[in-house]
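**Q** What shape does this take:
(one chain, ligands or ions: 1)
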Amino acid sequence: MPEVIFPLDSRKKFEEQEKIGHNRWHPDIPPVATVKPGDSFRVDCREWFDGAIANDDSADDILNAPLLGVHKLSGPFAVEGAKPGDLLVVDILDVGPIQQEDSGPLAGQGWGYTGIFAKRNGGSFLTDQFPDAYKAVWDFSGQTATSRHVPAVAFTGIIHPGLMGTAPSADLLGKWNKREGDLIATDPHRVPPLALPPEPQDALLGTLSGDEFDRIAGEAARTAPPRENGGNQDIKNLSKGSRIFYPVFVDGANLSVGDLHFSQGDGEITFCGAIEMGGFIDLRVDIIKGGMETYGVSENAIFMPGNVEPQYSEWLAFSGTSVTLDGEQRYLDSHLSYQRACLHAINYLTKFGYSPEQAYLLLGAAPIEGRLSGVVDIPNSCSTVYLPTAIFDFDVRPSASGPFQIDPGIGAPKAAAS
Ligand code: ZN
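**A** Just a heads-up that it's a prediction; the model follows:
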């Protein structure tokens, strides 16, 4: 096992650990450890809410999820010799959940959860159709996930970090705050908001305190969106065996990682759509001097996806076009067409006895494939969502004798009315 350079004790909160991570992006958050090019090392990661979500049959914790405190990130890790303009090469050697025997009251691993976030607390991809908070708890058995809240399915997780990235320079951070602030200003009271400005409340900046903390907390970027530094890309195929090339913007690169997922569908559509978990990740780093210019990699990270995936060979695919549910034609709107493809799949699954929320949670968590199938055939873009048929315990394909009716079980818990 590689040396653990960022250990987490499952019995303690993230803020009380031996090494303290962070939940904002800023160039002046000090590194917690320094590694050399060629080094392999292990990092423990807390799930993104630091244990606020329980393994129970209520979604009240999703409704009231403490979004100002996310994401709990391990790091930053400085890489000796890395300079702005370099590419940081990161290999994911291994990634997995915390072992059961290590679990404490906060980690609770051996399981994870998916949430549909309420419209008033984050929202989701289909928030107009699903404005309320719901939850599904998933149990892990080896590589397989099952849920008492979404019966009659079992699938192999493609374990990956939802979030990994390098620290921004002061200049780049200024650009983020300007452009996102300009967007917020176009509709500052929108629910859910258009973007998230810097927020000192619940900011965690490693060991910083006092005036330095106050200054940085007022400037530091939230971790929700992916940006030029990688960040919260939520790419399900960034799994074991992946190699990622991150732009370096500060001396040492200052790499951070967190938000591990046991599994996720393309788009992570329920917002907290992956199966969220705490765990470990083994990384190896290297540097390509001047690589940003040499390879033209400055807009975002590039990567080679992982080489470990489930062997699903048969799919049932649903398409959607850029026409609203009210019948209004939109011009090549691929966001809308992917929404329609997902709604199409959800409606189909309800014919087998799933509630719409169970189907939505399943699309967020299972390894579904989402594609922009056509983006040029005016006025309709065509998006598709592919469901692996083998994840269902029954025959999910259309047939003359179907549809089979599942026992919906206890259902997906909904938050009590707020
Ligand atoms: Zn996540």
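**Q** any idea how far whichever residue of the stretch 51-200 of the chain sits closest to the ion lies from residue 392?
**A** Nearest residue of the stretch 51-200 of the chain to the ion, counting by C-beta to the ion: residue 162, 3.8 Å away. C-beta here means a position set from N, CA and C on the backbone, and glycine is covered the same way. Distance, residue 162 to residue 392, using C-beta to C-beta, to the nearest Å: 25 Å.
**Q** Next SSE downstream of the worst-scoring helix or strand of the chain on mean pLDDT?
**A** Least confident element among the helices and strands of the chain, by mean pLDDT, DSSP states H and E: strand 271-276 (a mean of 90). Downstream of strand 271-276, the first helix or strand assigned by DSSP states H and E is strand 279-288.
**Q** Run through the neighbouring helices and strands of whichever helix or strand comes after that following strand.
**A** Downstream of strand 279-288, the first helix or strand assigned by DSSP H and E is helix 291-295. If contacts are counted by 3 or more C-beta pairs under 8 Å, 6 or more residues apart in numbering; DSSP states H and E, helix 291-295 sits against strand 87-97, strand 243-247.
**Q** The last one pairs with which strands, and in what direction?
**A** Yep, that's strand 243-247 we're talking about. strand 87-97 (antiparallel), strand 302-304 (antiparallel) (DSSP bridges).
**Q** closest to residue 359 out of the ones you listed?
**A** strand 87-97 (25.3 Å; C-beta to C-beta).
**Q** Nearest residue to the residue in the stretch 201-350 of the chain that the ion sits nearest to in space, please, no chain neighbours.
**A** Closest to the ion within the stretch 201-350 of the chain is residue 259: 4.1 Å, counting by C-beta to the ion. Distances taken as C-beta to C-beta, 6 or more residues apart in numbering place residue 162 nearest to residue 259, at 3.6 Å, with adjacent residues excluded.
**Q** can you pull the contacts of that neighbour?
**A** Residue 162 is in contact with 48, 71, 232-234, 258-261, 264, 268, 274, counting by C-beta atoms under 8 Å, 6 or more residues apart in numbering.
**Q** Just give me the least confident of those.
**A** Lowest in pLDDT among those is residue 48, which has 88.
**Q** In contact with that one, which residues?
**A** 70-72, 162-163, 258-259, 272, 276.
**Q** same question, residue 353
**A** Contacts of residue 353 (C-beta under 8 Å, 6+ apart): 405-408.
**Q** Among these, name the buried ones.
**A** 406, 408 (16 or more other C-beta atoms under 10 Å).
**Q** From the contacts of residue 353, pick the one nearest the ion.
**A** residue 408 (26.2 Å).
**Q** What's the separation between the closest one and residue 148?
**A** For residue 408, the distance to residue 148 - C-beta to C-beta - is 11 Å.
**Q** quick one on the thing from earlier: export the contacts of residue 48 to JSON lines and tack on secondary structure?
**A** Formatted as JSON lines, those follow (DSSP: H, G, I helix; E, B strand; the rest coil):
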{"residue": "70", "secondary structure": "coil"}
{"residue": "71", "secondary structure": "coil"}
{"residue": "72", "secondary structure": "coil"}
{"residue": "162", "secondary structure": "strand"}
{"residue": "163", "secondary structure": "strand"}
{"residue": "258", "secondary structure": "strand"}
{"residue": "259", "secondary structure": "strand"}
{"residue": "272", "secondary structure": "strand"}
{"residue": "276", "secondary structure": "strand"}
